[in-house]
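Colleague: only the shape, not the letters, is given here:
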Ligand code: SAH
């Protein structure tokens with residue numbers, strides 16, 4: 001049972017225990033599941049097929065806590081929206097909604113802050129505050145689907161935080177998210193992004209999930225990687241590639257490499273060549289991300305022409321590569337900036353702040 005008594009973090013087994021604890025029959029657990037994860041209700045009052053006394057007992061002992069919208073920015077084209085959500089304890093996180101031709105994607109946060117310390121990223125500026133619970137990760141998806149009134153078909157765990165640094169909650173989240181009787185998002189439509197924690201990558205492959213694993217590489221060798229990613233001092237690129245090869249062999253799922261293009265650091269054609277060589281024989285896809293400049297950091301975005309040359313070089317070697325389409329660039333201050341703006345007004349509570 002979740003220590004905070006949040007029913008959104010509970011699976012069917014735990015909800016059945018909740019029902020039993022309150023003197024109800026086991027099938028009430030299934031009904032609870034249907035309300036909490038199938039219909040994604042936010043209050044006990046909405047659970048109309050449960051007796052009033054059961055609902056009262058639930059309300060006395062548990063919550064369906066969720067997240068509360070503090071601010072929302074919509075792009076001019078209307079195809080991207082960024083949400084700032086408050087958690088029950090007052091922390092704030094960001095989530096992004098993106099409308100594509102193939103469906104609607106939600107990018108969620110997995111931690112409040114992050115302790116990985118990448119030098120180009122806004123999410124690590126305040127360090128790690130705490131992990132998100134499975135319920136808090138789910139709530140970002142549930143609230144956005146409710147608020148937009150449109151079905152969410154894809155979920156990417158690429159917002160604030162290092163998901164594999166919050167492993168158990170992440171796993172529970174993925175299982176609940178892909179539960180048929182819950183919101184029912186196919187595992188094939190779920191992507192988890194990691195900075196390359198190889199022990200957890202190995203643990204993850206043993207779960208035999210159908211999700212896509214994205215690995216943030218951002219460099220073709222350890223020397224360059226260590227300039228921007230402190231985690232590179234712990235795990236070498238060779239170790240990461242070994243874990244990726246095993247991941248593919250175990251799950252049959254192609255790896256995605258993320259490569260944020262930083263001017264003068266990792267964007268030369270020789271870097272592309274080195275990267276192409278490394279990827280030889282591995283079933284992978286490389287996603288080039290034009291860096292979002294963070295004003296507190298001094299990394300700059302590569303020139304568009306250099307990004308294009310980098311892509312062409314990778315293609316010459318036969319690698320699968322795309323340049324990430326920039327969506328809603330008018331609101332696309334780097335991920336983590338909306339929260340930063342909020343935190344700069346620290347004396348205020350979420351409800352008082354206008355962004
Ligand atoms: N901790 C996870 C998820 C982080 S965010 C990870 O490291 O993969 C998802 C991706 O965005 C990562 O590849 C991350 O390195 C990248 N990223 C972070 N800040 C960025 C920025 N300012 N511009 C471009 N990409 C960025």
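Modeller: Happy to help now that I have it. Since the structure is predicted, the reported quantities are computational estimates derived from the model, not experimental observations. Residues are numbered from 1 along each chain as shown.
Colleague: pretty sure residue 157 contacts residue 193?
Modeller: Yes: taking contacts as CB atoms under 8 Å, residue 157 lies within contact range of residue 193: 6.2 Å. Every C-beta, even on glycine, is put in place using the N, C-alpha and C of the backbone.
Colleague: ok, those two, which is more surrounded?
Modeller: residue 157 (26 against 21; other CB atoms under 10 Å).
Colleague: what sits against that one?
Modeller: For residue 157, the contacting residues are 107, 108, 110, 137, 163, 170, 190, 191, 192, 193, by CB atoms under 8 Å, 6 or more residues apart in numbering.
Colleague: dig out what it forms beta bridges with.
Modeller: Residue 157 has the following beta-bridge partners by DSSP bridges: residue 192.
Colleague: longest single strand anywhere in this structure?
Modeller: strand 92-100 (DSSP state E).
Colleague: other SSEs contacting that strand?
Modeller: Judged by 3 or more CB pairs under 8 Å, 6 or more residues apart in numbering; DSSP states H and E, the packing partners of strand 92-100 are strand 80-86, strand 103-107, helix 134-148, helix 337-343.
Colleague: now for those, which one comes closest to residue 72?
Modeller: strand 80-86 (5.3 Å; CB to CB).
Colleague: give me the helices and strands touching the closest one, please.
Modeller: Packing partners of strand 80-86 (3+ CB pairs under 8 Å, 6+ apart): strand 68-74, strand 92-100, helix 134-148, helix 337-343.
Colleague: neighbouring strands - and their directions - for it?
Modeller: strand 68-74 (antiparallel), strand 92-100 (antiparallel).
Colleague: and the longest one, how far out from the chain's middle?
Modeller: It stands for strand 92-100. Per CA atoms, centre = their mean, to the nearest Å, the displacement of strand 92-100 from the mean C-alpha position of its chain is 10 Å.
Colleague: can you tell if it touches the ligand?
Modeller: No: counting by CB under 6 Å from any ligand atom, the ligand has no neighbours in strand 92-100; the shortest distance is 10.8 Å.
Colleague: quick check: mean pLDDT of that strand?
Modeller: Mean pLDDT, computed over strand 92-100, is 94.
Colleague: what's the spacing between residue 101 and residue 325?
Modeller: Taking CB to CB, to the nearest Å as the measure, residue 101 falls 11 Å from residue 325.
Colleague: residues from the stretch 1-150 of the chain in reach of the ligand?
Modeller: 116, 118, 120, 121.
Colleague: for residue 290, give me phi and psi.
Modeller: As for residue 290, its main-chain torsions (degrees, to the nearest 10) stand at phi -60, psi 120.
Colleague: which residues are in contact with residue 340?
Modeller: Residue 340 sits next to 122, 125, 296 when contact means CB under 8 Å, 6+ apart.
Colleague: distance of it from the ligand?
Modeller: 12 Å (CB to the nearest ligand atom, to the nearest Å).
Colleague: same question for residue 90.
Modeller: From residue 90 to the ligand the distance is 23 Å (CB to the nearest ligand atom).
Colleague: and residue 78, helix, strand or coil?
Modeller: coil (DSSP: H, G, I helix; E, B strand; the rest coil).
Colleague: try the one 10 residues further on
Modeller: Three-state secondary structure (criterion: three-state DSSP) places residue 88 in coil.
Colleague: ok, for it, nearest residue in space, not its chain neighbours?
Modeller: residue 65 (4.8 Å; CB to CB, 6 or more residues apart in numbering).
Colleague: are we agreed that the one you found is in a helix?
Modeller: No: according to three-state DSSP, the state of residue 65 is coil, so it is not within a helix.
Colleague: compare the helices and strands packed on strand 80-86 and give me the one nearest residue 219.
Modeller: Per CB to CB, nearest to residue 219 of the helices and strands packed on strand 80-86: helix 337-343, 23.6 Å.
Colleague: picking up where we left off before, now render the helices and strands packed on strand 92-100 as TSV, adding mean pLDDT and distance to residue 11.
Modeller: Output for those, formatted as TSV (pLDDT from 0 to 100; distance: least, CB to CB, whole Å):
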stretch	mean pLDDT	distance to residue 11
strand 80-86	94	23
strand 103-107	96	21
helix 134-148	97	9
helix 337-343	74	29
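Colleague: near the ligand, which residues of the stretch 151-300 of the chain?
Modeller: 158, 162, 193, 194, 195, 216, 258, 260, 289, 291, 292, 294.
Colleague: among these, name the buried ones.
Modeller: 158, 162, 193, 194, 195, 216, 258, 260, 289, 291, 292, 294 (16 or more other CB atoms under 10 Å).
Colleague: make CSV from those and add secondary structure to it.
Modeller: Listed next are these as CSV, based on three-state DSSP:
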residue, secondary structure
158, coil
162, coil
193, strand
194, strand
195, coil
216, strand
258, strand
260, strand
289, strand
291, coil
292, coil
294, coil
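Colleague: what's the most distant pair in these?
Modeller: 194 and 294 (20.3 Å).
Colleague: residue 306: what's it in contact with?
Modeller: Residue 306 neighbours (CB under 8 Å, 6+ apart): 261, 263, 267, 268.
Colleague: for PyMOL, write the selection for the buried entries among those residues.
Modeller: Those of the contacts of residue 306 that count as buried under 16+ other CB under 10 Å are selected in PyMOL with:
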select buried, resi 261+267+268
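Colleague: can you tell me which of the contacts of residue 306 is nearest the ligand?
Modeller: Relative to the ligand, the closest of these is residue 261; by CB to the nearest ligand atom it sits at 8.2 Å.
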